[in-house]
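Undergrad: Sequence and predicted structure are below.
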Amino acid sequence: MFGWKKQKQSAGTRALPEHIAIIMDGNGRYAKQRNRPRVNGHYEGMQNVKRITRHASDIGIKYLTLYAFSTENWSRPKNEVSYLMKLPGDFLGAFLPELIEKNVKVVTIGNGDSLPGHTVKAVAEAVEKTRDNTGLTLVFALNYGGRDELVRGIREIAEEVSTGKLAIEDISQATVDRHLYTTHMPEPEMMIRTSGEYRLSNFLLWQSSYSELFFTDTFWPEFTADELDEMISQYQKRSRRFGGLDEEEV
Ligand code: V07
């Protein structure tokens, strides 16, 4: 189980990624295929978040960012949205003790303002109770949109300029980074999307500029730790390019 940690990095392969981001797609299709209500797919998806979180923690991943609810998801049917908003509380009610025991730190990114009070409360308790943990950081993107994140950051930067705190010439990529939800986090080396769609769908737009992209036809509720391990192996074998020379040529 701890094979990744022991593995010595050999020539031509990369280390374990520090940060993996996942678009957990295919929950509705999973349910439909089984003639079950869509919300059952979300429930099974939530169960899989537990399994994949356990595994990521066990193999020594430092950040796991999961797209739980996008700024676009409000357009879903009302009953589906209210079910989704109960999942953070259900998940944490059952899983928070284990997260604490495993030294996992829970954080969220996104706009918390428009979430229901009960959702905010459940999440705030988990964030508070795990704030000093030093293992895996489990990042839930809740009411998150990459464009929304950039607009908010741009407004904050404009405010600093208009109050004379910041000169226009001093705006750099680092300035933008400091005004994103993910400031202080490394960028995801791997971005995974399940269920056969090949889009970023407004997830971590700025942060995924150099991410290696991975796609699978597997529906999220059926995505296994073994499939994740296989993608990590592929990642470690892909040659690293940053628009310039291969890493090994530098
Ligand atoms: C949600 C389950 C996973 C598949 C994708 C959509 C449905 C876990 C959470 C969660 C969020 C915050 C938190 C703890 C758990 C969650 C929503 C949807 C809205 F602090 N799964 N999950 N939140 N799904």
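TA: Cool, the structure landed.
Undergrad: tell me the SS of the nearest residue to V106 once chain neighbours are set aside?
TA: Spatial nearest neighbour of V106, chain neighbours left out: A126 (4.4 Å); criterion: CB to CB, 6 or more residues apart in numbering. Placement of C-beta: from N, CA and C, glycine included. Put simply, A126 is helix when judged by DSSP: H, G, I helix; E, B strand; the rest coil.
Undergrad: Show the pLDDT at A126.
TA: In this model, A126 is scored at 98, pLDDT.
Undergrad: and what of the one 4 residues further on?
TA: We note a pLDDT of 98 for T130 in this prediction.
Undergrad: was I right about it contacting T108?
TA: No - the criterion here is CB atoms under 8 Å, and T130 misses it with T108 at 11.6 Å.
Undergrad: How many neighbouring residues does the closest residue to R34 other than its chain neighbours have?
TA: Leaving out its chain neighbours, the residue that sits closest to R34 by CB to CB, 6+ apart is N40, at 7.7 Å. Using other CB atoms under 10 Å, N40 is surrounded by 18 other residues.
Undergrad: Same question for G93.
TA: 11.
Undergrad: Identify the residues contacting the nearest residue to F91 once chain neighbours are set aside.
TA: For F91, ignoring the flanking residues on the chain, the nearest one in space by CB to CB, 6+ apart is M46 at 5.4 Å. Residues in contact with M46 (CB atoms under 8 Å, 6 or more residues apart in numbering) are 87, 90-91.
Undergrad: Next: F223.
TA: Contacts here follow CB under 8 Å, 6+ apart; on that basis F223 touches 24, 48, 52, 194, 216.
Undergrad: Type out the ChimeraX command that picks the buried ones from those.
TA: In ChimeraX, a selection of the buried entries from the contacts of F223 looks like this (16 or more other CB atoms under 10 Å):
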select :24,48,52,194,216
